[in-house]
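Enquirer: Sharing a model prediction with you, sequence too.
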Amino acid sequence: MALWEASDRICGKRLRVMIPTLLPSLERHGRLKLDQADRALVLGVSAATIDRLLVETKIAAAGGKRRRVGFYSAVRREVPIRTFNDWHEPPPGFCEVDMVAHGGTSVTGSFIQTLTMVDVATGWTECMPLVTRESGLVVRAMERAQNLFPWLIRGADFDNDSAFMNDFVVPWCRAQKIEVTRSRAYKKNDQAFVEQKNGAVVRQLVGYGRFDGVETTRVLERLYAASRLHTNFFQPSFKLKDKRREGAKVIKRYHVPATPYERALAHPKLSKGVKRHLRALYRTLDPVALLAEMRDAQTELGTRVSARAGKLAAAASPPVPTTNAAAFAKRLGNDVHLGEQRIIHRRLHKPYKKRMRMPSMLDPHLADIERWLAAEPRLTALAILGRLAEQRPEQFGPPQHTIVQRLLRSLRRKAAETIIPRTAESAALAGDPGTGAAAACDGHSATSPVPPILRAMTQPRTGRQSGLHPSSESNILR
């Protein structure tokens, strides 16, 4: 223990190498005395023995708390890692899975999560809302996704979230013959497909507000039920074709934008029955009706966000708006000038209270300060404070330097705002930016003279002004 403390509590492998040099040094200075037998044992100890002997000592040094190994670390070690370069054009059915948190600006408490599943081959996207972040709900959402996907799910690529990497989700996937892989920790580009859909689909539809509760989850289900058809059948997306590096420049080339529905029809590994089912479903879809349903659900979600923070009456179940595709289609092109501002993306700005100006201790001396500045335009805040201290020593001193600086800055700003526009206007009327006398010769009024307080702002300083603290001249407000 003495050797471990003398080494500043390093690990056993480093301490084992350090003992042959540390032990003689301690003996030389009388810090440690060992007989020949004990000295031979200490010099021949192994790193594993050092760590084993110091287990209880390290726990006591840490305040009696044993460091716990991650609960799901064993499950993570069993799941193989798949990077963004390991896909190699998989067939439809291999998905990337991730969750989007709808906690707003805080992650405390329980709030809704969106489970996003993206097919790597076609870009087909399915979103399922979860009332809370729980592994049992993840399994139920994936069971629902198996019914929504037009083809069989063959693989699921998760991140290292404990909601996925546990002894409930991973065994269920393997029982369903779903290949399970995971990304590297803190490497979001390993899940580039699903991360892109998290922003382009989920955040675009829902925004960044906080949502919780079962009723809000049902509204999200209604939104995702309409958006999955609109996104997968009518919204084209880009897909990377190849990427190469030329020096420091990365050149990317993309396929022609296509919808997931079109990619599925063109994929050779999908059966004719799946393609026949997709074509029949496509002929029944009305994109305007789907969009109207999405806007109604977004309006209700936005109302729930506004109801929080006490701005509206937070009803337990707000009335569901009636979807009218015909009326929605008529006004679809009439609100373009509004920028299609949606209530789900509307930011709530708190009304700011007007700040009332409090009386200042400099108000009774304002006329004196303006008179001093008119006589000496280059007068500093320290010099003004010194004159005030001579008149009222019990009221003014070094602590009042800041308020004198603020007043001096305000006076000079007001002088600049009043004289600069007037000078520019007189120069424009005279047609000559020269002196006032030259302008008056042309029949125009002469340029107003520049006040001394403004002229002093542009003239270089040549000396020091006397004040309370001459040593702090570099901090004087000019």
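Expert: Here it is on my side, so go on.
Enquirer: Which parts of the stretch 51-200 of the chain are strands?
Expert: 94-101, 113-119, 125-130, 155-158, 179-182 (DSSP state E, counting those that start in this stretch).
Enquirer: Now mean pLDDT, mean neighbour count and distance to Ser410 too, for those strands, in TSV please.
Expert: The C-beta positions use only the backbone N, C-alpha and C, and glycine is treated the same way. Formatted as TSV, these follow (pLDDT from 0 to 100; neighbours: other C-beta atoms under 10 Å; distance: least, C-beta to C-beta, whole Å):
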stretch	mean pLDDT	mean neighbour count	distance to Ser410
strand 94-101	96	23	47
strand 113-119	96	25	52
strand 125-130	96	25	54
strand 155-158	96	24	60
strand 179-182	96	20	61
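Enquirer: Could I get those in a markdown table, plus columns for distance to Ala264?
Expert: Compiled in a markdown table, the strands of the stretch 51-200 of the chain are given as follows (distance: least, C-beta to C-beta, whole Å):
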| stretch | distance to Ala264 |
| --- | --- |
| strand 94-101 | 14 |
| strand 113-119 | 9 |
| strand 125-130 | 12 |
| strand 155-158 | 17 |
| strand 179-182 | 20 |
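Enquirer: I figured Val120 hits Pro91, correct?
Expert: No: using C-beta atoms under 8 Å, Val120 is not in contact with Pro91, being 9.3 Å away.
Enquirer: of the two, who's got more company?
Expert: More crowded of Val120 and Pro91, by other C-beta atoms under 10 Å: Val120, with 21 against 16.
Enquirer: From Trp87, how far off is the more buried one?
Expert: Distance of Val120 to Trp87, computed by C-beta to C-beta, to the nearest Å: 6 Å.
Enquirer: Could you name every residue contacting both of these two?
Expert: Listed contacts common to Val120 and Trp87 are Phe94; contacts here mean C-beta atoms under 8 Å, 6 or more residues apart in numbering.
Enquirer: which residues of the stretch 301-450 of the chain fall in strands?
Expert: For the stretch 301-450 of the chain, no strands are identified by DSSP E, counting those that start in this stretch.
Enquirer: which stretches of it have low pLDDT?
Expert: Applying pLDDT under 70 to the stretch 301-450 of the chain flags residues 306-324, 328-352, 420-450.
Enquirer: got a list of what the residue at minimal distance from the centre of the chain touches?
Expert: By C-alpha atoms, centre = their mean, the chain has its centre lying nearest to Thr105, at 9.5 Å. The contact partners of Thr105, by C-beta under 8 Å, 6+ apart, come to Arg210.
Enquirer: What pLDDT does the model give it?
Expert: Model confidence at Thr105, given as pLDDT, is 84.
Enquirer: Tell me how far it lies from Val305.
Expert: From Thr105 to Val305 the distance is 12 Å (C-beta to C-beta).
Enquirer: Tell me the residues that contact both of these two, please.
Expert: Common neighbours of Thr105 and Val305 (C-beta under 8 Å, 6+ apart) are Arg210.
Enquirer: Can you classify Arg31 as helix, strand or coil?
Expert: Three-state assignment for Arg31 (DSSP: H, G, I helix; E, B strand; the rest coil): coil.
Enquirer: what's near enough to touch it?
Expert: Ala2, Ala6.
Enquirer: mind checking how far it is from Thr21?
Expert: 14 Å.
Enquirer: Any buried residues in stretch 41-51, and which?
Expert: Val45, Ile50 (16 or more other C-beta atoms under 10 Å).
Enquirer: For it, give the mean pLDDT please.
Expert: pLDDT averaged over stretch 41-51 gives 91.
Enquirer: Next up, the contacts around the nearest residue to Ala389 once chain neighbours are set aside.
Expert: Setting aside the residues directly before and after it, Ala389 is nearest to Phe396 in space (C-beta to C-beta, 6 or more residues apart in numbering), at 4.4 Å. Contact analysis of Phe396 by C-beta under 8 Å, 6+ apart lists Leu385, Leu388, Ala389.
Enquirer: so of those residues, which ones are in helices?
Expert: Leu385, Leu388, Ala389 (DSSP state H).
Enquirer: By neighbours, which of these wins?
Expert: Leu385 (24 neighbours).
Enquirer: What distance do you get for it to Ile153?
Expert: In terms of C-beta to C-beta, Leu385 sits 76 Å off from Ile153.
Enquirer: again, but for Ala383
Expert: Counting by C-beta to C-beta, the gap from Ala383 to Ile153 is 80 Å.
Enquirer: Could you do Ala415 as well?
Expert: 74 Å.
Enquirer: swap in Phe164?
Expert: 15 Å.
Enquirer: For those two, work out which one has more neighbours and name it.
Expert: Neighbours per residue, other C-beta under 10 Å: of Phe164 and Ile153, the larger number sits with Phe164, 26 against 22.
Enquirer: That one touches Gln113, doesn't it?
Expert: No: Phe164 is not in contact with Gln113 according to C-beta under 8 Å; the separation is 11.8 Å.
Enquirer: Mutual contacts of these two, please.
Expert: The contact lists of Phe164 and Gln113 share no entry, where a contact means C-beta under 8 Å, 6+ apart.
Enquirer: tally of neighbours for the residue nearest to Ser360 when sequence neighbours are not counted?
Expert: Using C-beta to C-beta, 6+ apart and skipping the chain neighbours, the partner closest in space to Ser360 is Ile403 (6.7 Å). By the measure other C-beta under 10 Å, the count of residues near Ile403 is 15.
Enquirer: So Ile403 is in contact with His365, correct?
Expert: No: contact criterion C-beta under 8 Å: Ile403 and His365 do not qualify, at 11.3 Å.
Enquirer: can you pull the contacts of the closest residue in space to Glu179 that isn't next to it in sequence?
Expert: Once flanking residues are discounted, Glu179 sits nearest to Gly155: 3.9 Å by C-beta to C-beta, 6+ apart. Listed by C-beta under 8 Å, 6+ apart, the contact set of Gly155 reads Pro90, Gly93, Phe94, Cys95, Ile178, Glu179, Val180, Thr181.
Enquirer: could you dump those to TSV with distance to Ser25?
Expert: Shown next, in TSV, are those (distance: C-beta to C-beta, whole Å):
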residue	distance to Ser25
Pro90	61
Gly93	65
Phe94	61
Cys95	61
Ile178	60
Glu179	57
Val180	54
Thr181	52
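Enquirer: And the helices in the stretch 1-150 of the chain?
Expert: Ranges of helices within the stretch 1-150 of the chain are 2-6, 12-28, 36-43, 47-53, 55-61, 73-78, 135-148, based on DSSP state H, counting those that start in this stretch.
Enquirer: Ranked by average pLDDT, which of the ones you listed falls at the bottom?
Expert: helix 55-61 (a mean of 82).
Enquirer: send the alpha carbons of that helix over as PDB?
Expert: This file holds the C-alpha atoms of helix 55-61, laid out as PDB (Å, rounded to 0.1, in the frame of the first residue of the first chain):
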ATOM      1  CA  VAL A  55      -9.100  -4.200  -4.300                       C
ATOM      2  CA  GLU A  56     -10.300  -3.300  -0.900                       C
ATOM      3  CA  THR A  57      -7.900  -0.400  -0.600                       C
ATOM      4  CA  LYS A  58      -9.100   1.200  -3.800                       C
ATOM      5  CA  ILE A  59     -12.800   0.800  -2.700                       C
ATOM      6  CA  ALA A  60     -12.100   2.500   0.500                       C
ATOM      7  CA  ALA A  61     -10.100   5.300  -1.300                       C
END
